[in-house]
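> sequence first, then the predicted structure:
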Amino acid sequence: GAVVSQHPSWVICKSGTSVKIECRSLDFQATTMFWYRQFPKQSLMLMATSNEGSKATYEQGVEKDKFLINHASLTLSTLTVTSAHPEDSSFYICSARDKAKLTEAFFGQGTRLTVV
Amino acid sequence: GENVEQHPSTLSVQEGDSAVIKCTYSDSASNYFPWYKQELGKRPQLIIDIRSNVGEKKDQRIAVTLNKTAKHFSLHITETQPEDSAVYFCAASSGGTSYGKLTFGQGTILTVHP
């Protein structure tokens, strides 16, 4: 149980285009999902908290108009990187918290984004 | 907000030796402290966690200690093996509506030499 699936695993896009990343909880309902970004050889930094049916909460310094988050259902959150630039190249990882259990959040497998 | 400091940034040990990684946190409201192992290009893998009502927790070769007064917690790996080589992250969370919202330390690259 407690499986979180993230898609795609990797993506290469041209500068100026947009990329959508999906995060799904496969066997539980996730009221809340979290999006992290990890640059090479660095730690995971929280970008935003995604709550089902409401607007995401962004961390300081994260542009909400550039990183669009949608959490339309209890099992799916999406992160769209708009007008991507090479400096957006990073490892993006989501995690999902089980609505029924106040326990750890479970991580997706991550998405390696390369903007060329 | 929460700030988590992790040391050392790199740690090299011989197989069979013990490894200790230390973290400090700033927010006294934090009450959940997980440790993750991450291999290159993969998701963080939870290896052990501790909650603020417990001072120590052990799982086979891995143990975590927590000192709430001093706001620090440590990961102890005994009888290290080459497959323990990875990047280790500590994290802190304050629970409640923030459950699952993690602030990570900077990471420790552990290398276990055969």
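Noted; the coordinates are in hand. Numbers count the residues shown, from 1 in each chain, chains lettered A, B, ... in the order given.
> in contact with the closest residue to chain B within chain A, which residues?
Nearest to chain B, among the residues of chain A, is residue A:105, at 3.2 Å (CB to the nearest CB). C-beta coordinates here come from the backbone N, C-alpha and C atoms, glycine included. By CB atoms under 8 Å, 6 or more residues apart in numbering or on different chains, the contact list for residue A:105 reads A:32, A:34, A:95-97, B:99-102.
> what strands flank the least confident helix or strand in chain A by mean pLDDT, and is each parallel or antiparallel?
The helix or strand of chain A with the lowest confidence, counting by mean pLDDT, DSSP states H and E, is strand A:105-107 at a mean of 89. Sheet pairing here is set by DSSP bridges, and for strand A:105-107 it gives strand A:90-98 (antiparallel).
> now the partner strand - C-alpha only, PDB.
C-alpha atoms of strand A:90-98 as PDB (Å, rounded to 0.1, in the frame of the first residue of the first chain):
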ATOM      1  CA  SER A  90      15.900  20.100 -11.800                       C
ATOM      2  CA  PHE A  91      14.500  17.000 -10.200                       C
ATOM      3  CA  TYR A  92      10.900  17.500  -9.100                       C
ATOM      4  CA  ILE A  93       9.400  15.200  -6.500                       C
ATOM      5  CA  CYS A  94       5.900  15.100  -5.100                       C
ATOM      6  CA  SER A  95       4.700  13.500  -1.900                       C
ATOM      7  CA  ALA A  96       1.200  12.700  -0.700                       C
ATOM      8  CA  ARG A  97      -0.300  12.400   2.700                       C
ATOM      9  CA  ASP A  98      -2.900   9.800   3.500                       C
END
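> how far off centre is that strand?
5 Å (CA atoms, centre = their mean, to the nearest Å).
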